[in-house]
Structure formats: C-alpha cells, structure tokens
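Peer 1: next input, structure requested:
(one chain, ligands or ions: 1)
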Amino acid sequence: MKTIDLRSDTVTLPTPTMRKAMAAAEVGDDVYGEDPTVNRLEALTAQRLGKEAALFVSSGTQSNLVALLTHCRRGEEYIAGQWAHTYRYEAGGAAVLGGIQPQPLDFEPDGTLDLGKVAAAVKPDDLHFARTRLLCLENTMAGKVLPLPYIDAVGEFARDRGLRLHLDGARIFNAAVALNVHAREIARPFDSVSVCLSKGLAAPVGSVLCGSADFIRDARRWRKMLGGGMRQAGVLAAAGIVALEEMVERLPEDHRTAERLAAGLGRVPGIAVEGGGARTNMVFFTLDEALRGRWGPFMAARGVLVGDHPGPIRAVTHYGIDDDDIDAVVAAALDAAAACRARSPRPRPAEV
Ligand SMILES: *Cc1c(COP(=O)(O)O)cnc(C)c1O
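Peer 2: Numbering: from 1, shown residues only. Model (predicted):
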C-alpha cells in the first residue's frame, strides 16, 4: 500500500534528476566562496527573484533568522503577523539570539496585514520604545496568495516610513504560478526574500536568502556565526538548481490536486472545508464531533497521513501525489467518516 502523506510538502523526496545532479556535482569549499555549484544556485536564485545577490542556507528558519539579524540590531523591532512563521514557529530566534523585539499583529482574513494597523504599531522616536526597523510578510500565507496591488502598497508604505521589508517567501513560487506572474513581480518591493527549496520544489535540504549585494555580504557573516557556513555544500545546491529549473513549472499540478481534494472532502459527511476550496497547494478543513480524534487512525490504516485534531486541519498536496491518490484519499475519507459515525454513541430515544 502506498503511503499518501498530506501533512506537508516538506515530505517530498528528491527527484531522480536531483539524485543524479547531486552525485555529479562539482564542489569546493563554500566558506571560501569556492563551491561552483553553490555559486551557480545563488546566482540563479538571485536572478529568478530579481535581486543582486543570494545566500544558500540550511533551512527556512535559518534564512529568516539571518535576515532579521542582518536588518535589525539589539533593541530594534520587527512587525510580523501573529501566525507568521518568523514570529510563531521559529522558537523566538530573533528575540533569543538577536535581542530583536517582535511586534505581532493579527492577520486579516486574506493573509495581509492591514497597513492602518501596521502604521499604528510603528513606534514613535521616543526613548521608551524599541526602534521599529522592519516589516515582515509571508507569501503564500497559509496557502493564501497576497494580492499584487497590496504588495505594491506595502512597498510604498515602507518607503514612506523608512521601514525595511522582508518577505518570508517559503512558497513564493506557489504564489507566482497562482497569479501567473514572474516571482520577481512578487519580490520587487522587498529588501530581502527567503525562498524554500525543500517544500513543494522537492529538494532535500536548503533555502536561499536574496537581497542587495551589501545585504548579502552582511548576511554571510551572520550565517557563519550561526554555524551555517557549510563546506562542499554543492552536493545539496545541485538539487536546489534542479528544483528551480524543473519543479516550479509543475506546481500548478499541486494546485489542481488540492482543488480536487477540497471538492472530494467537501462531499464527506462531518467534514467542512474552509472557504469552500483549496488555497494554492493547501486545503483547510474541520471535523465534526463524531470524527474528531478518531478519523485520523482510520485514515492511517488506509495509508493516508493527515491530522484529526480540533481546529482547522491542513492537508498539503505535492510532488508524488496525483489524481488517483486524491481519489483514494477521498474514498478512504468517506469510509473513515462512516466508520466513525457507526461507532459514535447513539442518542437515546428520549433525546431524539
Ligand atoms: C517551512 C517554512 C519556513 C521554515 O523552513 P524550514 O526549512 O522548515 O526551517 C519558514 N516560513 C514558512 C512560511 C514556511 O512554510
């Protein structure tokens, strides 16, 4: 039985082309700047994102942390969404290691930060306050694509207020293919952009941080300090090059399978799909009382890995999952829901 893992697109395995490229990669000592494959990946990513320079890092978390450390000093502040990865899911790294204070704000339902609320959160120049230095956005945000006019407005806003702008673009290419624009259009107003190679693009390891040549020079020092200076890292970068050259163009497939999954789950009694459809490669849904806490093990028995916790559950489609898999997931979901209902305590006649 094939395991269909919907927990995340981080579970993707490297493609056969990646394996070959990794085995054949020309390498050198990247801390000396002498790994030709890393240099090629950095140049390629910078070009794809429309930035001057780029830095290959071990993970998205390290990429965001290096960006925050490069933009902000101790006693400075960054504004980010309450559920942003940089704030919520990175163990407080910027505060712990950088003395950088986060100012979280609630996201709007479309994944944007309201610029009126951001303006109100920017601290005046007063010795009581941390200095607000940086605004961080995420795109896609929980699968949602930020509208291009909003991104332009954010650029103007940041320029007016002297704020720097960082984009956690872990899935920026999902946003780009959804809007049918070049990733450069989405990256344009940002001073720095972090891109994950190891999510839907299926590389085994790595992220790339992009920005101006000056910014990346400083970022390289912070990466070294964090222990992220890798040596013959071209073995990993080789897979990253394949990710950018071959895997971006297949992302629409993931968005289609996510739509198919959303439609299928929407037909299962006891499952409510949020927003009625998919958001790029993600589907969010909730389970009713009868399914919650029981549905997951039934699904696992059918080879489908997916949560069954209270609150919205995220299912993510990715390389390695096709239409037949989605149909198998939906069939399993219908059976699992029926099994949960059959076992659910029946109301006594007096209560009916
Ligand atoms: C996965 C992810 C990261 C972090 O990447 P890791 O490689 O897991 O450290 C950062 N931001 C977003 C939005 C992500 O989805």
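Peer 1: contacts, neighbours, all on C-alpha from now
Peer 2: OK.
Peer 1: which stretches of the stretch 1-150 of the chain form strands?
Peer 2: Taking DSSP state E, counting those that start in this stretch, the strands of the stretch 1-150 of the chain run over residues 4-5, 53-57, 76-81, 101-105, 131-138.
Peer 1: which of those strands is buried the deepest?
Peer 2: strand 53-57 (a mean of 26; mean count of other CA atoms under 10 Å).
Peer 1: that one pairs with which strands?
Peer 2: Strand 53-57 has its sheet partners listed here by DSSP bridges as strand 207-211 (antiparallel).
Peer 1: for R171, what are its contacts?
Peer 2: Counting by CA atoms under 8 Å, 6 or more residues apart in numbering, R171 makes contact with 139-140, 195-196, 199-200.
Peer 1: please parse this protein into its domains.
Peer 2: Following automatic domain parsing, the chain resolves into domains at 4-8+250-343, 14-247.
Peer 1: quick revisit: can you redo the contacts of R171 as JSON lines with pLDDT?
Peer 2: Converted to JSON lines, the contacts of R171 look like this (pLDDT from 0 to 100):
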{"residue": "N139", "pLDDT": "98"}
{"residue": "T140", "pLDDT": "97"}
{"residue": "V195", "pLDDT": "98"}
{"residue": "C196", "pLDDT": "98"}
{"residue": "K199", "pLDDT": "98"}
{"residue": "G200", "pLDDT": "98"}
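Peer 1: identify, from these, the entry nearest to A130.
Peer 2: Closest approach between the contacts of R171 and A130, by CA to CA: N139, at 26.5 Å.
Peer 1: so that closest one makes contact with V145?
Peer 2: Yes - N139 lies in contact with V145 (CA atoms under 8 Å); the separation is 6.1 Å.
Peer 1: quickly list what's touching both of these two.
Peer 2: Common neighbours of N139 and V145, counting by CA under 8 Å, 6+ apart, are A175.
Peer 1: and the residue of the stretch 51-200 of the chain that's closest to the ligand?
Peer 2: Proximity of the stretch 51-200 of the chain to the ligand (CA to the nearest ligand atom) peaks at G60, 3.2 Å away.
Peer 1: quickly list what the closest residue to that residue other than its chain neighbours is bridged to.
Peer 2: Closest residue in space to G60, ignoring its immediate chain neighbours: S207 at 5.4 Å, by CA to CA, 6 or more residues apart in numbering. With DSSP bridges applied, S207 shows beta-bridge pairing to V57, C196.
Peer 1: contacts only, for S207.
Peer 2: Each residue near S207 by CA under 8 Å, 6+ apart is listed here: 56-60, 63, 194-198.
Peer 1: so for N139 and V145, which residue has more residues nearby?
Peer 2: Set side by side, N139 and V145 show more neighbours around N139, with 25 against 22, by other CA atoms under 10 Å.
Peer 1: element containing A315?
Peer 2: Using DSSP states H and E, A315 sits in strand 313-316.
Peer 1: what count of nearby residues applies to G293?
Peer 2: 15.
Peer 1: that one contacts V306, doesn't it?
Peer 2: No - G293 is beyond contact range of V306, at 11.5 Å (criterion: CA under 8 Å).
Peer 1: I'd like to know which residues of the chain are adjacent to the ligand.
Peer 2: For the chain, the contact set with the ligand under CA under 6 Å from any ligand atom comprises 59-61, 85, 168, 170.
Peer 1: below-threshold pLDDT in the stretch 251-352 of the chain: ranges please.
Peer 2: Filtered on pLDDT under 70, the stretch 251-352 of the chain yields the residue ranges 345-352.
Peer 1: could you rerun that using 90?
Peer 2: 276, 307-311, 341-352 (pLDDT under 90).
Peer 1: what ranges do the strands span in it?
Peer 2: For the stretch 251-352 of the chain, the strands defined by DSSP E, counting those that start in this stretch cover 271-273, 282-287, 304-305, 313-316.
Peer 1: hey, which of the ones you listed is tucked in deepest?
Peer 2: Mean neighbour count (mean count of other CA under 10 Å) peaks for strand 282-287 among the strands of the stretch 251-352 of the chain, with a mean of 24.
Peer 1: which outside residues touch the strand holding A315?
Peer 2: Outside strand 313-316, the residues that touch it by CA under 8 Å, 6+ apart are 6-9, 258, 281-286, 306-307.
Peer 1: ok, stretch 104-121 next?
Peer 2: Contacts to stretch 104-121, defined as CA under 8 Å, 6+ apart, come from residues 79-83, 87, 103, 137, 141-142, 144-146, 150, 154, 157.
Peer 1: please redo it, this time with the cut-off set to 10 Å
Peer 2: For stretch 104-121, contacts defined as CA atoms under 10 Å, 6 or more residues apart in numbering pick out 78-84, 87-88, 103, 132, 135-147, 150-151, 153-154, 157-158, 161.
Peer 1: in it, what's buried?
Peer 2: Going by neighbour count (16 or more other CA atoms under 10 Å), the buried part of stretch 104-121 is 104-107, 111-113, 118.
Peer 1: tell me, how many neighbours does G307 end up with?
Peer 2: G307 has 19 neighbouring residues, counting by other CA under 10 Å.
Peer 1: still on that earlier bit, save the residues of the chain next to the ligand as JSON lines, and put in pLDDT too.
Peer 2: Below are the residues of the chain next to the ligand laid out as JSON lines (pLDDT from 0 to 100):
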{"residue": "S59", "pLDDT": "98"}
{"residue": "G60", "pLDDT": "98"}
{"residue": "T61", "pLDDT": "98"}
{"residue": "H85", "pLDDT": "97"}
{"residue": "D168", "pLDDT": "98"}
{"residue": "A170", "pLDDT": "98"}
